[in-house]
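Participant: starting from these lines, generate the structure:
(chains A and B)
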Number of protein chains: 2
Amino acid sequence: MIVVLAGGVGAARFLEGLVRVVPPKDIFVVVNTGDDEEFFGLRVCPDFDIITYTLAGLVDPEKGWGIKGDTFNCLDMLSRYGYETWFLLGDRDLATHIHRTHLLKKGYTIFEIAEDIRKRLGIECQIAPMTNEFVKTKVITKEAGELDFQVYFVKRRTQDTVIEVKFQNIEKAKPAPGILDAIESADGIIISPSNPIVSIGPILAIRGIRDALQSTEAKIVAISPIVGGKTIKGPADRMLQSLGYDVSPVGVAELYKDFLDVMIIDTIDAEYKKKIEALGIKAIITNTIMKSIEDKVNLAKAAVEAFKLI
Amino acid sequence: MIVVLAGGVGAARFLEGLVRVVPPKDIFVVVNTGDDEEFFGLRVCPDFDIITYTLAGLVDPEKGWGIKGDTFNCLDMLSRYGYETWFLLGDRDLATHIHRTHLLKKGYTIFEIAEDIRKRLGIECQIAPMTNEFVKTKVITKEAGELDFQVYFVKRRTQDTVIEVKFQNIEKAKPAPGILDAIESADGIIISPSNPIVSIGPILAIRGIRDALQSTEAKIVAISPIVGGKTIKGPADRMLQSLGYDVSPVGVAELYKDFLDVMIIDTIDAEYKKKIEALGIKAIITNTIMKSIEDKVNLAKAAVEAFKLI
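Facilitator: As a prediction, this is how the structure comes out:
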């Protein structure tokens, strides 16, 4: 069993490769739910949905989220009822949130609902939301004060300077069923190339998960989401900088150093190998840019092979 | 103030004429909610929606319900999540049900929500759901036993023989705010050409409404939904028959005779004038088939003029 800690688009792209390298049934994804939000009374789990839509072959390949060819007629009509519609929920996409909200109302947990959705979409690897608690990432910004994550991320297009990140309700959050056991008994653990602060950060902040990563005998490999001083997608680079971390694979390694065995960095970042190894973390240099399916498969192979190198 | 008791398509077509004859602000519609149903956890009020969509110019003119040009992508995706999709909810239409459900969850009543929706859609006449209680019409059939109304009406396409009709929760239902006052102080009351059993029937079954109709000084005019022994739309003809009523304007007049002053019947049914007048109800003969907007306006004029004839 390989455990993958996952955010949204970067993780989904990596998983597209991994399911071609490892039998999907042997993959256990722990996905961030700190980005979750309610729109019009419907519960939306963006990172979970990005991963399921991607693995089900439904995702819009250009955007990396949403469903390809989706229409936006419901959203258009919702604006007539006075709703803000900056979070672009397509008509097909809305079915997922209607279904999820319906099951929540019936008393099912987010974990049980995730199992239902991924099975109905024909996905064989398990995808566990990090917790059943409604944890909400809050971003404190210089320009606009405290913002809900999606307001910062989508409505305000990450234009603000992040000076602090908080996870509301994190003290009540327990890991979803199976996560701690999976970490303990895994053959290997991969931290996907996701934002270390707001995608992997919430997972690590849940009581017991960081401890489990420190004590597991499984080897832990991370893929740097920072390549050449930038992120491929999203605000991780600016966020690391404004929070005082190095905008490099070294800055990411610092955040994971208490449990990380291997950091996979891009060839363009070969210069950081020594600094990472000075932290007691082995560095592997390869191409980490995932454009083609071959890129994704090669990166997944590099991650899986890294387990054997230690 | 003119009060109109209303079902779905027939009432909506009549109201399209009435708003051109009487200032819309002087119209108070009491609409059946016995057809209401929950689909995928969303509250749908078919008769209310048909009327608002029609008066807002949004309705699909062919079908008489739903929104013109609507798409069905959300419904298509909902079928992947295992839902039955025989109740055709379009993507734009779903926005109404999402909005309604969201407001219900926040604690608003169906009456308050109706006010919000009709105002946002720019409708000036008041449209009051008959009650805030979730009353559900149940149809007992010879072939399939007890059915939810929409299962009988949409899923099974009214193929079954109705032997009894019940209104679940009717004993708890109070008229929505303003209805009894409107009936008492109205200048005239119109029973639209809707199914007398399952569209007007639930309204009349609410505690206090039938009494108010009997005691008001306002004249009450009904338009027969039965023309030439048939209904224009829907199963009223077969339903009257299987329940033991005359399938004619006389059968309808019998159901309303304790409060009705005037029955408007179609020219094709002129032969029933005497039988209706034998019940103490004045009969007016005119064209009641509403194809063009002129037909609708003329029928509305006939109804309004009927108040002066008595």
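
Participant: the residue in the stretch 201-310 of chain A that chain B sits nearest to: how many residues sit nearby?
Facilitator: Going by Cβ to the nearest Cβ, chain B is nearest to residue A:293 of the stretch 201-310 of chain A, at 24.2 Å. (Each C-beta comes from the backbone N, C-alpha and C, glycine too.) Neighbour count of residue A:293, defined by other Cβ atoms under 10 Å in any protein chain shown: 12.

Participant: contacts only, for it.
Facilitator: A:16-17, A:20 (Cβ atoms under 8 Å, 6 or more residues apart in numbering or on different chains).

Participant: name the SS class of residue A:127, please.
Facilitator: Secondary structure, DSSP: H, G, I helix; E, B strand; the rest coil: residue A:127 is strand.

Participant: now do it against chain B, distance only.
Facilitator: Applying Cβ to the nearest Cβ, to the nearest Å, the value for residue A:127 to chain B is 16 Å.

Participant: of the contacts of residue A:293, which is the most crowded?
Facilitator: Compared across those, residue A:17 has the highest neighbour count, 23 neighbours, by other Cβ under 10 Å.

Participant: grab the nearest non-local neighbour of that one.
Facilitator: Excluding the flanking residues, the one nearest residue A:17 by Cβ to Cβ, 6 or more residues apart in numbering or on different chains is residue A:296, at 3.0 Å.

Participant: my guess is the one you found contacts residue A:290. True?
Facilitator: Yes - using Cβ atoms under 8 Å, residue A:296 makes contact with residue A:290 at a distance of 4.8 Å.

Participant: between those two, what contacts are shared?
Facilitator: A:13-14, A:17.

Participant: okay if I get those as TSV plus secondary structure and pLDDT?
Facilitator: Output for the shared contacts of residue A:296 and residue A:290, formatted as TSV (DSSP: H, G, I helix; E, B strand; the rest coil; pLDDT from 0 to 100):
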residue	secondary structure	pLDDT
A:13	helix	97
A:14	helix	98
A:17	helix	98
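
Participant: and the closest residue in space to residue A:185 that isn't next to it in sequence, what pLDDT?
Facilitator: Leaving out its chain neighbours, the residue that sits closest to residue A:185 by Cβ to Cβ, 6+ apart is residue A:1, at 6.7 Å. If you check residue A:1, the pLDDT there is 95.

Participant: I figured residue A:1 was touching residue A:184, is that so?
Facilitator: No - between residue A:1 and residue A:184 there is no contact under Cβ under 8 Å: 10.4 Å.

Participant: okay, those two: which has more neighbours?
Facilitator: Between residue A:1 and residue A:184, residue A:1 has the larger neighbour count (other Cβ under 10 Å), namely 17 against 14.

Participant: what sits against the more buried one?
Facilitator: With contacts defined as Cβ under 8 Å, 6+ apart, residue A:1 is in contact with A:26-28, A:182, A:185-187.

Participant: for residue A:174, the count of nearby residues, please.
Facilitator: Using other Cβ under 10 Å: residue A:174 sits among 15 other residues.

Participant: cool, residue A:208 as well?
Facilitator: 13.

Participant: please name the nearest non-neighbouring residue to the residue sitting furthest away from the middle of chain A.
Facilitator: Among residues of chain A, the one most distant from the C-alpha centroid is residue A:80; the distance is 33.3 Å, by Cα atoms, centre = their mean. Leaving aside its sequence neighbours, residue A:80 sits nearest to residue B:120 (Cβ to Cβ, 6+ apart; 6.1 Å).

Participant: for burial, what's the neighbour tally of that neighbour?
Facilitator: Neighbours around residue B:120, by other Cβ under 10 Å: 15.

Participant: ok, now which ones touch it?
Facilitator: Applying Cβ under 8 Å, 6+ apart, the residues contacting residue B:120 are A:80-82.

Participant: try residue A:286
Facilitator: So, once contact is read as Cβ under 8 Å, 6+ apart, residue A:286 ends up touching A:264, A:266-267, A:298-299, A:302.

Participant: got any ranges where chain A has weak pLDDT?
Facilitator: A:310 (pLDDT under 70).

Participant: find the centremost residue of it, please.
Facilitator: residue A:7 (0.5 Å).

Participant: ok, that residue to chain B distance?
Facilitator: Residue A:7 sits 24 Å away from chain B, going by Cβ to the nearest Cβ.

Participant: so that residue makes contact with residue A:46?
Facilitator: No - applying Cβ under 8 Å as the test, residue A:7 and residue A:46 come out as separate, 9.5 Å apart.

Participant: how many neighbouring residues does the nearest residue to residue A:95 once chain neighbours are set aside have?
Facilitator: Nearest residue to residue A:95, sequence neighbours excluded (Cβ to Cβ, 6+ apart): residue B:77, at 3.5 Å. A count of nearby residues for residue B:77, using other Cβ under 10 Å, gives 23.

Participant: you'd agree residue B:77 is up against residue A:96?
Facilitator: Yes - shown here, residue B:77 and residue A:96 form a contact pair, counting by Cβ under 8 Å, at 7.3 Å.

Participant: need phi/psi at residue A:261.
Facilitator: The phi/psi pair for residue A:261 (degrees, to the nearest 10) reads phi -100, psi -40.

Participant: next up, the contacts around it.
Facilitator: For residue A:261, the contact set (Cβ under 8 Å, 6+ apart) comprises A:219-221, A:281-282, A:310.

Participant: checking my notes, residue A:29 in a strand, right?
Facilitator: Yes - residue state for residue A:29 (three-state DSSP) corresponds to a strand.

Participant: which ones are touching it?
Facilitator: By Cβ under 8 Å, 6+ apart, the neighbours of residue A:29 are A:3-4, A:6, A:11, A:15, A:51, A:125-128.

Participant: could I get the contacts of residue A:293 as CSV with distance to residue B:192?
Facilitator: CSV is the format used below for the contacts of residue A:293 (distance: Cβ to Cβ, whole Å):
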residue, distance to residue B:192
A:16, 57
A:17, 62
A:20, 62
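
Participant: which one of the residues you listed is nearest to residue B:165?
Facilitator: Using Cβ to Cβ, residue A:16 comes nearest to residue B:165 of the contacts of residue A:293, at 55.2 Å.

Participant: contact residues of the stretch 101-250 of chain A facing chain B?
Facilitator: Counting by Cβ under 8 Å from any Cβ of the partner chain, the stretch 101-250 of chain A comes close to chain B at A:101-102, A:105-106, A:116-117, A:120-121.

Participant: what ranges does chain A have for its helices?
Facilitator: For chain A, the helices defined by DSSP state H occupy A:9-18, A:46-55, A:73-80, A:91-105, A:110-120, A:149-150, A:179-185, A:200-205, A:209-215, A:236-242, A:249-256, A:273-277, A:293-309.

Participant: CSV for these, including distance to residue A:163?
Facilitator: Conversion of the helices of chain A to CSV gives the following (distance: least, Cβ to Cβ, whole Å):
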stretch, distance to residue A:163
helix A:9-18, 24
helix A:46-55, 23
helix A:73-80, 32
helix A:91-105, 31
helix A:110-120, 30
helix A:149-150, 15
helix A:179-185, 30
helix A:200-205, 15
helix A:209-215, 23
helix A:236-242, 6
helix A:249-256, 17
helix A:273-277, 26
helix A:293-309, 33
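
Participant: ok, residue A:66 touching residue A:60?
Facilitator: Yes - between residue A:66 and residue A:60 there is a contact under Cβ under 8 Å: 4.7 Å.

Participant: more neighbours: the two, which one.
Facilitator: Legend: neighbour count by other Cβ under 10 Å for residue A:66 and residue A:60, higher for residue A:66 (21 against 17).
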